[in-house]
Structure formats: C-alpha cells, structure tokens
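> sequence and computational prediction follow.
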Amino acid sequence: MSDPTQPTPPEPTGDATMPNPPAAANRSAGARPLVAGGVVLALAISGVVLAGALTEDDEPQPVTAAQRSTAPASASPSAAPTTAAPTTAAPTSAAPATTKPPAPSPTPKPKVVKGRGDDVVRIPDLTDLAVVKFTCRCSSNTVLTSDGDGLLVNEIGSYTGKRWINLEDGSLTTQFEIEASGSWTLTIGTVAQLATKAETGKASGKGDDVLLLGGDATAVRITHRRGSSNFVVHAYSLDDGEGGLLVNEIGAYSGVRPLTTPALVQITADGNWTVAPA
C-alpha cells in the first residue's frame, strides 16, 4: 500500500524528450557572425568593424561605447608630408668700413685791410705766390710798396688794380707801406681767388691786372690803346715756367709775342688793353 504522503512519480511515456537547449548568448541587434578561417568578426550596424581573434570555442564579447570611442581609428593613408625647402637668407656682407682721408684744410679767405692816409700793414709770412688788389680814392700821389717785391703802385689820383707778389725766389712779403691822401682798401689772396680768369685765353680790360690765361696757344697778340704812360706785360707759362718780360712800351702798342698757355700774366697800363691767342 502506498504512502499517501509521497508524491506519485510520473508515468513513463514512450518517447524520451530532450530538454530545451540553453538560450544562445545575446548578440547585438542586427549583427551577423562572419566566419573566415576560424576567425569570427562581428559587423555592427554602425559600420565600425570590431575585429577579434576568436577561436570556435570563444564567445564574442560585447563592446561598449566607451571602448569604441577610445579604439584607435585606422588612419587613412595621407599624402606624403611636404617638407618646405629651408629658406636661407642671402648673406648680406656689410660694406667694409673705409677710413676717409682727412679733409684738406680750407684755404683762408682773402685778407682785407682798410684804412686812410699813410700806413704800414704787416701780414703773416707768405711763402706762396699771391695777388694783391689795391683801391684808393685819392687825389694826389698813391704809392704801394712791398718789402719783398718793391714798388707795386705809383700813380697820381685814384687807383684800382692788381699786382702779384712772391713770384720770384727771395721776394717774401711781410709788410706793405702805403702812401695815400684818401681812404683805401688792400686785399690779399691766392691766384685762384683774385686773378682775373680767362679760360679761352682771351681777355680785355683797363689799368693794372693779373690774368690767369687758359687755352693752348703758343703765341699771343697784345694791344694797348688810349694810354700815355708805361705799358708793361710780364708772363710765365704754367706748363714749362718759361716767360718774363714780354712788352715794355710807352703809349699805344700792338704786337704778337711768344707765350705758351695756360699762363699767368701781369699787365701794367693806364689805357685799354687786350690779350688773345695769335
């Protein structure tokens, strides 16, 4: 007799029923396994390929969003980097500093002395050829004398003219003696400053003068008109130094004299004169 407290075992049936297989592991929706050479790849809907070296016994592990964000993205091959050619500035060579020669001392301006009546004018020693210009508003004798060159001017009444000094050796002028009845002006300077320039070799004037003749003449024609006193011409070539007294006449004169120009010429005259290449 059976115990009513024990459960009654089920009656056996003719067919044995196997239990339901365990549910497959959860897969991402819409994913499908891809088998190739024993490696399973999961292809997600997002288009990101997740690769895993899985064996047949391995189960694919779900990949979180954080892992996808940190997974290194496959960098697409980019163009080869372009290396800019190094730019080298052209060497700038500084100009070598040049030492300028000292500038020559400026030529002193002509010395000007003014006075009235008789006087003695002392000047610094002049070692070079120089020219003096003397002007006197006088009514009687007008005399200008150099202690180196002797008598330069000897006229009656007013006078304006030029003379050279220190032309010859030993004719060093250190002072002038002036005899005058009126006011006068004495100017002392270089040939370049005070001589009358005649670049073509032709000049004309009246009274005493010092000329700096240019040109390339070998002879000059000299004339003197409207004069009654001594007419004297001295000249020296600047090329060879040749020259001396060319004319010494009283009154009018006309003639040709040898002279190689350029030349320095001194004229003593009381009339009108001309000098020109011949």
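Good, I have the coordinates. Source: prediction; values computed, not measured.
> just the endpoints, please. Distance across stretch 120-140?
One end of stretch 120-140 sits 18 Å from the other (CA to CA, to the nearest Å).
> list the buried residues of that stretch.
The neighbour-count check on stretch 120-140 (16 or more other CB atoms under 10 Å) flags 123, 126, 129-138 as buried. (Glycine included, C-beta is placed from N, CA and C.)
> dump the residues you listed to a markdown table, plus distance to residue 253.
Shown next, in a markdown table, are the buried residues of stretch 120-140 (distance: CB to CB, whole Å):
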| residue | distance to residue 253 |
| --- | --- |
| 123 | 34 |
| 126 | 32 |
| 129 | 26 |
| 130 | 28 |
| 131 | 24 |
| 132 | 25 |
| 133 | 24 |
| 134 | 24 |
| 135 | 26 |
| 136 | 26 |
| 137 | 29 |
| 138 | 27 |
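> pick the one among the residues you listed closest to residue 163.
residue 132 (5.6 Å; CB to CB).
> now the element after the helix or strand where that closest one lies, going C-ward?
Here residue 132, judged by DSSP states H and E, is contained in strand 130-136. Next along the chain after strand 130-136, taking DSSP H and E as the criterion, comes strand 141-146.
> what average pLDDT does that following strand get?
Across strand 141-146, pLDDT averages out at 96.
> what lies in contact with the very next helix or strand once past that strand?
Downstream of strand 141-146, the first helix or strand assigned by DSSP H and E is strand 150-156. Outside of strand 150-156, the residues within contact range by CB atoms under 8 Å, 6 or more residues apart in numbering are 132, 134, 140-146, 159, 161, 163, 165, 208.
> show me where the stretch 151-278 of the chain has helices.
Remark: helices assigned in the stretch 151-278 of the chain by DSSP state H, counting those that start in this stretch are 191-194.
> tally of neighbours for residue 152?
Residue 152 sits with 21 neighbouring residues when counted by other CB atoms under 10 Å.
> what's the answer for residue 191, then?
Residue 191 has 16 neighbours, counted by other CB under 10 Å.
> also residue 202?
Neighbour number of residue 202 under other CB under 10 Å is 16.
> where's it relative to residue 222, distance?
According to CB to CB, to the nearest Å, residue 202 and residue 222 sit 11 Å apart.
> same question for residue 209.
13 Å.
> overlap of the contact sets of the two?
Counting by CB under 8 Å, 6+ apart, no residue touches both residue 209 and residue 222.
> isn't residue 159 up against residue 142?
Yes - contact status for residue 159 versus residue 142: in contact at 4.7 Å, counting by CB atoms under 8 Å.
> and the pLDDT at the closest residue to residue 186 other than its chain neighbours?
Spatially, and ignoring its direct neighbours in sequence, residue 186 is nearest to residue 113 (4.6 Å; CB to CB, 6 or more residues apart in numbering). You'll see residue 113 listed with a pLDDT of 97.
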